[in-house]
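*Asks:* Can you look at this prediction? I've put the sequence above it.
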Amino acid sequence: MSVRGEKIASLIKEELSMLFLYKLQDPALGLVTITSVKMTPDLKIAKIYLSAYEKDQRSVILQKVENIRGMIRSHIASRIKLRYTPEMHFYIDETLDYVEKMEDLFKKIHKDDYKDDSTEQD
């Protein structure tokens, strides 16, 4: 991504974070965090990755965010002066799930190692 694209992505991430924190006080959304924003090279599409605290509500939260996409885009347009306000596509960021799964696997491996060590010493 170009330097300009990275700057715009950073600005959009910051504005969206503030929007979700202060303006969107919908209890149905719960705790939503903007984890990253990726811009296409032409700066016309922003891929926005969300992390939701409640794992079982992720699809509902994503649907609610999709329903207010127009309001979010108009808020960004009013806060960031660009020739063209990017179209916003929202995705659930599953990186934390992957990290959690890997940590569980490592714990299981280390637990098995300790069992092997104790049987070898006998």
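*Replies:* Received, thanks.
*Asks:* Can you check what pLDDT the model gives the spatially most central residue of the chain?
*Replies:* The centroid of the chain falls nearest to Leu50 when counting by Cα atoms, centre = their mean (2.6 Å). Model confidence at Leu50, given as pLDDT, is 90.
*Asks:* Which residue ranges of the chain form helices?
*Replies:* 3-18, 58-67, 69-79, 95-121 (DSSP state H).
*Asks:* Would you indicate which residues of the second one are buried?
*Replies:* This means helix 58-67. For helix 58-67, burial by neighbour count (16 or more other Cβ atoms under 10 Å) applies to Arg58, Ile61, Leu62, Lys64, Val65. Using the backbone N, CA and C atoms, a C-beta is placed for each residue, glycine as well.
*Asks:* so what's Arg79 up against?
*Replies:* Counting by Cβ atoms under 8 Å, 6 or more residues apart in numbering, Arg79 touches Glu15.
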